[in-house]
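Visitor: With the sequence up front, the predicted model follows.
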Amino acid sequence: MSKLDPSSREFREAGHKLIDRIADYLDGVDRYRVLSNVKPGEIASKFSALPNNEGRPYDALMADFESKIIPGVTHWNHPAFFAYFSITGSQAGILAELLMAALNLNGMLWKTSPAHTELETVTLEWLRKSLGLPDVLFGIINDTASINSFLALAAAREALGFDIRGKGMTGRNLPPLKVYCSEHAHSSFEKGARALGFGASGVELIESDDKFRMRPDALDAAIERDRAAGALPCAVTATLGTTSTASVDPLPEIADIAKREKMWLHVDAAYAGSATVEPSLRWLWKGIESADSIVVNPHKWFFTPIDCSVLYTRKPDMLRQTFSLVPEYLKTTDSAEVNYMDYGIQLGRRFRALKLWMVMEHYGIDRIRSVIRDHVRYAERLASELTKRGDIELLAPQSFSVVVFRKVVRSGNGIDEAASEKISAELLERMNASGRLFVSHTKLKNKYGIRVAIGNGATEWEHVARVLEFV
């Protein structure tokens, strides 16, 4: 029986062609439709029901990639991708992903690849300093903010002192546990709370103010009401850069409440945290020294290909206490070294630090800052241009690189809400159907809004201006 790859000849030839193909794609990505317009099942119908028995050459596979797969791709690397939050990549990050695949490391223990562990430690120190975060934080890279928020909530639950790790949450007399977040917090916080046994009833969504920020007085009232009913407050999440509007919850006031109530304070800065590489935007961190855990996603606005989400905590011992479980076959004498498997639920760990390191080193902090400044300026300019029109209303203050607006239909002295929603939804569909840009929507105070979030490293003003063409 021959080995899987007899030599590297075919790989070498295909690899050279592939790098050229990727470079051509990145140089010409603007020629593609941003949003794929295929119908459900259309891509799957192009493939046979069974896999190939004999194998096929790389050239044939690349031909299939072009003809069968690319038509069903929504191009997240497109400079006019303005929906959701861009998980923007970069050329340096792509090369790092290639190296990651070649090495195929699993960083369970320090000894399973010392470079894997130590580069993660070094790179997260660089990132922490670049963002202006406190010195005391311990960092770990996981896949997404959803998992990192789950880990933080699990640590918060363990910190209550009920030995939930050992005794569980059922079959004994525990008070109802409560966690709190803004009504505009990311849904992953509530999903994580449900998975951890808090239940839907254990999550309190706190009202926001007219700028879509959590109201501290409403948080206070909810805690007082829950305590009176016999519940125990466990954790609160402050969102610095909400998904719909990039609004910023009042962290100092929330931190004071968390300290008084002895609750774990989690900070979701998955999107906006990267912006603080620009010193003028570090007002975002006011009060951050009180946070027990913080999430920042370099794959959202730090030009690192997905997936790469960072969890910082000032209580790593609690995180380790919550998750560390070392079977005999993973025991080691390298006790002085950190084993990142002890700080989360995943045993297998990809070498994500390599791509974050390569992005930071290749582009340099100054260049990353410059691109982020441009994105914020583009958002400011877009908001300014939109407000010049009598048929446009901004539904939220422009924040960081996010703008939310709608078209309005006036009736007498007021606004026809039903007609405004209809014409705004039609405008969004027309934008996305064109293939020239991709925007998403949200609803704020029951008003339908078109949401533009700028975050791709290749985006220039000409791409953002396409919004104005359609308006």
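Guide: Yep, it's here.
Visitor: Can you mark which positions in stretch 142-162 are buried?
Guide: Buried residues in stretch 142-162, counted by 16 or more other C-beta atoms under 10 Å: 142-160, 162. Quick note: C-beta positions are derived from backbone N, CA and C, even for glycine.
Visitor: In strands, which of the residues you listed fall?
Guide: Counting by DSSP state E, the buried residues of stretch 142-162 place Asn142 in strands.
Visitor: Please flag which of the buried residues of stretch 142-162 sit within helices.
Guide: 145-158 (DSSP state H).
Visitor: Quick one: those residues as JSON lines, columns for pLDDT too.
Guide: As requested, those are exported to JSON lines (pLDDT from 0 to 100):
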{"residue": "Ala145", "pLDDT": "95"}
{"residue": "Ser146", "pLDDT": "96"}
{"residue": "Ile147", "pLDDT": "96"}
{"residue": "Asn148", "pLDDT": "97"}
{"residue": "Ser149", "pLDDT": "97"}
{"residue": "Phe150", "pLDDT": "97"}
{"residue": "Leu151", "pLDDT": "98"}
{"residue": "Ala152", "pLDDT": "98"}
{"residue": "Leu153", "pLDDT": "98"}
{"residue": "Ala154", "pLDDT": "97"}
{"residue": "Ala155", "pLDDT": "98"}
{"residue": "Ala156", "pLDDT": "98"}
{"residue": "Arg157", "pLDDT": "97"}
{"residue": "Glu158", "pLDDT": "97"}
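Visitor: Same list (these) but as TSV, adding distance to Ala246.
Guide: Output for those, formatted as TSV (distance: C-beta to C-beta, whole Å):
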residue	distance to Ala246
Ala145	15
Ser146	19
Ile147	22
Asn148	19
Ser149	18
Phe150	23
Leu151	24
Ala152	21
Leu153	23
Ala154	27
Ala155	27
Ala156	25
Arg157	29
Glu158	32
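Visitor: Go through those and name the one nearest Ser113.
Guide: Comparing these against Ser113 with C-beta to C-beta places Ile147 closest, at 21.2 Å.
Visitor: hey, where'd the strands end up in the stretch 351-471 of the chain?
Guide: Counting by DSSP state E, counting those that start in this stretch, the stretch 351-471 of the chain has strands at residues 392-394, 402-407, 410-411, 414-415, 440-444, 447-453.
Visitor: Would you format the ones you listed as a markdown table with mean pLDDT included?
Guide: Formatted as a markdown table, those follow (pLDDT from 0 to 100):
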| stretch | mean pLDDT |
| --- | --- |
| strand 392-394 | 97 |
| strand 402-407 | 98 |
| strand 410-411 | 90 |
| strand 414-415 | 91 |
| strand 440-444 | 97 |
| strand 447-453 | 98 |
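Visitor: which one of the ones you listed is the most hemmed in?
Guide: Highest mean neighbour count of these: strand 402-407, a mean of 26 (counted as mean count of other C-beta atoms under 10 Å).
Visitor: From the contact counts, what lies against that one?
Guide: helix 352-387, strand 392-394, helix 417-434, strand 447-453 (3 or more C-beta pairs under 8 Å, 6 or more residues apart in numbering; DSSP states H and E).
Visitor: Tell me which of the ones you listed is the most buried.
Guide: Mean neighbour count, computed with mean count of other C-beta under 10 Å, is highest for strand 447-453 among those, reaching a mean of 23.
Visitor: mind listing the helices for the stretch 251-400 of the chain?
Guide: Counting by DSSP state H, counting those that start in this stretch, the stretch 251-400 of the chain has helices at residues 251-261, 298-301, 316-323, 352-387.
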